[in-house]
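[1] sequence and predicted structure are below.
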Amino acid sequence: LAQTTRGNTMNKHAATPVPAGRNHIQRYRIAFSDCDPAQIVFFANYFRWFDIASREFFTACGVPSWRDMERERGIIGTPLLDAQAKFLNSATYGEDIEIETFVESWNTRSFVMRHVARRGGTVLAEGREVRIFAIRDPEDKRRIKAIPVPEDIKNACVQCRASGCGICRTEGATADLPTA
């Protein structure tokens, strides 16, 4: 269920930040292999799920695969500059969770993505990522280079929320994270 929320600034008094556009929700059933010996989710899996949810957010906004974007525009993806998480409650195998993903803020050359993992109404973990759009460095193809945030991609992720078009409420269009 992708949801529409209006607003483009962080509410300093809110428990969670306000999205600068679309909220995208990924659903996942926790597998036994996602857990550590204490039978709770191993922390690194949240980062993996946040990364998957990040790409699925862009898919829900209509952004082509990074493979197609590289072929058509040279954009190889949205690499991480910083990743943080706060773990608030535990989860275990067999439980269904949702990961809500949204862009908190857009900057000239980077953007801040937020993720909230929930089991029902219980927040399990919150993640924050700073990402860039990147191309292969023309001077050294083994390296990457940040580019300004493409306005058309930003608009695809923001514009329809301002108009209340209803496209952002696409229940059947969200992809589920795979189970292990």
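    Nice, I can see it.
[2] just checking, what packs against the helix or strand where T101 lies?
    For T101, the host element (DSSP states H and E) is strand 96-106. Packing contacts for strand 96-106, counted by 3 or more CB pairs under 8 Å, 6 or more residues apart in numbering; DSSP states H and E, involve strand 22-29, helix 43-60, strand 111-119, helix 151-163. Where you see a C-beta, it was placed from the backbone N, CA and C, and this is true even at glycine.
[3] what residue ranges in this protein score low on pLDDT?
    Along the chain, the model assigns pLDDT under 70 to residues 1-21, 159-180.
[4] run me through the strand neighbours of the strand holding T101, direction for each.
    strand 22-29 (antiparallel), strand 111-119 (antiparallel) (DSSP bridges).
[5] ok so, going back, now the helices and strands packed on strand 96-106 in a markdown table, with distance to D82?
    Formatted as a markdown table, the helices and strands packed on strand 96-106 follow (distance: least, CB to CB, whole Å):
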| stretch | distance to D82 |
| --- | --- |
| strand 22-29 | 21 |
| helix 43-60 | 12 |
| strand 111-119 | 9 |
| helix 151-163 | 19 |
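[6] need these in JSON lines (columns: mean neighbour count and distance to R128).
    What follows is the helices and strands packed on strand 96-106, written out as JSON lines (neighbours: other CB atoms under 10 Å; distance: least, CB to CB, whole Å):
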{"stretch": "strand 22-29", "mean neighbour count": "21", "distance to R128": "15"}
{"stretch": "helix 43-60", "mean neighbour count": "20", "distance to R128": "9"}
{"stretch": "strand 111-119", "mean neighbour count": "22", "distance to R128": "6"}
{"stretch": "helix 151-163", "mean neighbour count": "16", "distance to R128": "17"}
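[7] K154 versus the residue sitting furthest away from the middle of the chain, what's the distance?
    Centroid-distance maximum for the chain: E139 at 30.3 Å, with CA atoms, centre = their mean. From E139 across to K154, the span is 27 Å (CB to CB, to the nearest Å).
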